[in-house]
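>>> fold the following for me, if possible:
(chains A and B)
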Amino acid sequence: MKTSGFRIFFMTGAWMVLAFLLLPILVVIPVSLTDTSYIGLPKEGLSLQHYAAYFQDPRWMAATWTSIWIGVVVAVCATVLGTAFAIGCWFLSDRASTVARWILITPILVPPVVQSLGFYRFWVTLGLIDTNTGVILAHTLLALPYVSISVFAALANLDRRIPQAARSLGASVWQTVRAVVLPAAMPGMVTGGIFAFIVSFDEIVGVLFITVRNVSTLPKKIWEGIQEDIDPTIASVATMLVILTLIVTAITIWRGRASA
Amino acid sequence: MPRLPDRLRYWFLVLPALAIMIVFYIWPLLGIWQISFTEPEAGVANYTRMFDSSAVTTSFIITFRIAIQTTIGCLILGYIVAYVISNFARRAKPLMIALVLLPFWVSVLIRSFSWIVLLGRSGIVNDSLIGAGLIDSPLRLMHNEFGVVLAMIHVMLPFAVLPMMANMRGISGAYVDAARGLGASEFTAFRKVYFPQTMPGVMSGALLVFVLSLGFYITPALLGGGRVLMISEYITYQIQEFLNWGLGSALSVALLVATAIVILIAARFVNLRSALLERGS
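Have a look, this model is predicted:
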């Protein structure tokens, strides 16, 4: 293949942009290994002290567990509600169901601060401020759009005549949903569930508004850490999360390749 | 078999999620509108205050300026990546896609933290430049618009690349081949034949980045250092520092309306259905 200037320009540009995307994220790795007590590159040697600080601090541990279990609960709630919603809309496929789908994706478009204000005022009247239930409810709402979009996308591949055939052969609506529609929706449910977990695990603005002291999630702890004094423990937390993301991304791409 | 009960059953599937969304999300949002007209006293005082205040005007101008800069930056950088992934990359394609997706999955909070580590007064960039003897005193790289826009572009870039890639996937190479066969240079074929076909992807990328940037909070709050007050942070200030719910709500309404106007204008150019409802597959 002959290489033109045009092609070289674009190829170089693309790799530079990709480096711009990747390198700033990786900077947390050397910083997390610093032997100093402030943020910076290692001076004399490498040290794992900031990882030890993370694992020995009960507040960091508690915040991490809170984020994980709330994320799992949110993923389950959002996947159940969102899947039922998407399947119902798929069957209906009329104007009303399209309006319903638009309503369900509003959290993607509404600015985080605005929706958090809404949560705050309403949660006060419900007595849900600073409770796990309050956070789970808010996060489920924020995660619903992602589940409904991915389940609906999965159902786009399902031929409408198949559930019709099941129905005409005598299956009830519920049997049809269980035996025909749910298996087709499964890939979307998995994607949506993972999305829902990440939405909850990452969410910060809502948590800042609707929690005070009782509930602390990992993002809230990181946020407070950055605001107050930037200590390198944050870098070690960030490094672990980045490496986790790296592994998951690699698996996703690898699986996508294997199935393609 | 009767027709009606079936539809009713389907609505039973739809209703739980829809009801929860309306009661716990849409209703509280409408509550914000109400507060903006009732606190501290009934009337439109909050809105007249909003239009009179030069601080508010400045904040709105900053917000739009940063959103525009971020969108333009993301479109240019994102287009190059999307184009190469869709057309040139062969073996490198999965790696390139991974490099776009990875930052997408890494928390915005962590990415903002990384930029603070890089751009701070005694951050890695300043330290290295001083160490190399290139500068004597640290440059101000954050707590200004430069830092905010740079980090915002980093955060938003995947949102621009993904719709553009989805669009380019559907473009047939035959037209460019035909143009080349008829004697057009590679650049001319790109400019006159390929580029116009990518406009839908560019527009939906622009819509997504611009709308998300307008209401963005985390990155500007962390990298702006209180000096680059985008409207979201301004709202938070009004409410958390001054307990000024009326003005904060009025500003929220203004931000919501601005967002809605952008989406409605975009609807003339972008197929919103495919940009939003059928996204993420």
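
>>> on the three-state scheme, B:S137 is what?
coil (DSSP: H, G, I helix; E, B strand; the rest coil).

>>> how much space between it and chain A?
Separation of B:S137 from chain A (Cβ to the nearest Cβ, to the nearest Å): 17 Å. C-beta: built from backbone N, CA, C; applies to glycine.

>>> list the residues that contact that residue.
By Cβ atoms under 8 Å, 6 or more residues apart in numbering or on different chains, the contact set of B:S137 is B:I130.

>>> again with B:P40
Residues near B:P40 by Cβ under 8 Å, 6+ apart: B:G246.

>>> just to check, A:T83 is in contact with A:P187?
No. The pair A:T83 / A:P187 is not scored as a contact, 11.6 Å apart, by Cβ atoms under 8 Å.

>>> ok, the two, which is more surrounded?
A:T83 (28 against 15; other Cβ atoms under 10 Å in any protein chain shown).

>>> which element, helix or strand, includes the more buried one?
If you go by DSSP states H and E, A:T83 is part of helix A:58-92.

>>> what does B:A266 give?
Using DSSP H and E, B:A266 falls in helix B:245-267.

>>> which other residues reach the helix or strand following that helix?
Next along the chain after helix B:245-267, taking DSSP H and E as the criterion, comes helix B:272. Contact with helix B:272 is made by B:I263, B:A266, as judged by Cβ under 8 Å, 6+ apart.

>>> repeat that for stretch A:89-100.
Contacts for stretch A:89-100 (Cβ under 8 Å, 6+ apart): A:85, A:88, A:101, A:148, A:152, A:155, A:158, A:163, A:181, B:7, B:10-11, B:13-14, B:18, B:277.

>>> now stretch A:119-126
A:I129, A:G134, A:A138, A:G206, A:F209, A:I210, B:F24, B:W27, B:P28, B:G31, B:I32, B:I35.

>>> closest point of chain A to chain B, which residue?
A:P111 (2.4 Å; Cβ to the nearest Cβ).

>>> list the contacts for the closest residue to that residue other than its chain neighbours?
Closest residue in space to A:P111, ignoring its immediate chain neighbours: B:G215 at 2.4 Å, by Cβ to Cβ, 6 or more residues apart in numbering or on different chains. B:G215 makes contacts with A:V110, A:P111, A:P112, A:V113, A:V114, B:I231, B:S232, B:L255, B:T259, as judged by Cβ under 8 Å, 6+ apart.

>>> run through chain A and note the low-pLDDT ranges.
Low-confidence segments of chain A (pLDDT under 70): A:1-2, A:256-260.

>>> can you give me the helices for it?
Along chain A, the stretches classed as helices by DSSP state H are A:5-26, A:28-32, A:49-56, A:58-92, A:95-104, A:106-109, A:112-126, A:132-155, A:161-168, A:173-176, A:182-202, A:205-210, A:218-227, A:233-259.

>>> what does the stretch 101-250 of chain B give?
B:108-119, B:124-131, B:145-169, B:174-181, B:186-189, B:195-197, B:199-214, B:218-224, B:231-240, B:245-267 (DSSP state H, counting those that start in this stretch).

>>> possible to save those helices as JSON lines with mean pLDDT?
JSON lines is the format used below for the helices of the stretch 101-250 of chain B (pLDDT from 0 to 100):
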{"stretch": "helix B:108-119", "mean pLDDT": "94"}
{"stretch": "helix B:124-131", "mean pLDDT": "90"}
{"stretch": "helix B:145-169", "mean pLDDT": "94"}
{"stretch": "helix B:174-181", "mean pLDDT": "90"}
{"stretch": "helix B:186-189", "mean pLDDT": "90"}
{"stretch": "helix B:195-197", "mean pLDDT": "94"}
{"stretch": "helix B:199-214", "mean pLDDT": "93"}
{"stretch": "helix B:218-224", "mean pLDDT": "93"}
{"stretch": "helix B:231-240", "mean pLDDT": "93"}
{"stretch": "helix B:245-267", "mean pLDDT": "93"}
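
>>> how many neighbours does B:F216 have?
B:F216: 27 surrounding residues under other Cβ under 10 Å.

>>> I'd assumed B:E233 was in contact with it.
No. If you go by Cβ under 8 Å, B:F216 and B:E233 don't touch, sitting 9.4 Å apart.

>>> show me what contacts B:M168?
Listed by Cβ under 8 Å, 6+ apart, the contact partners of B:M168 are B:A82, B:Y83, B:S86, B:N87, B:T198, B:G201.

>>> just the closest of those to A:T12, please.
Closest to A:T12 out of these is B:Y83 (12.8 Å), distances taken as Cβ to Cβ.

>>> that closest one: which element?
helix B:54-87.

>>> before we move on, back to that, which one of the contacts of stretch A:89-100 is nearest A:D57?
A:S148 (38.1 Å).

>>> wait, the closest one sits on B:V14?
No. Using Cβ under 8 Å, A:S148 is not in contact with B:V14, being 10.0 Å away.

>>> A:I25: neighbour count?
22.

>>> thought it was touching A:T239?
No. Under the criterion of Cβ under 8 Å, A:I25 makes no contact with A:T239, lying 9.9 Å away.

>>> distance of the residue lying closest to B:I231 once chain neighbours are set aside from A:G170?
Spatial nearest neighbour of B:I231, excluding adjacent residues (Cβ to Cβ, 6+ apart): B:T63 at 4.5 Å. B:T63 is 59 Å from A:G170, where distance means Cβ to Cβ, to the nearest Å.
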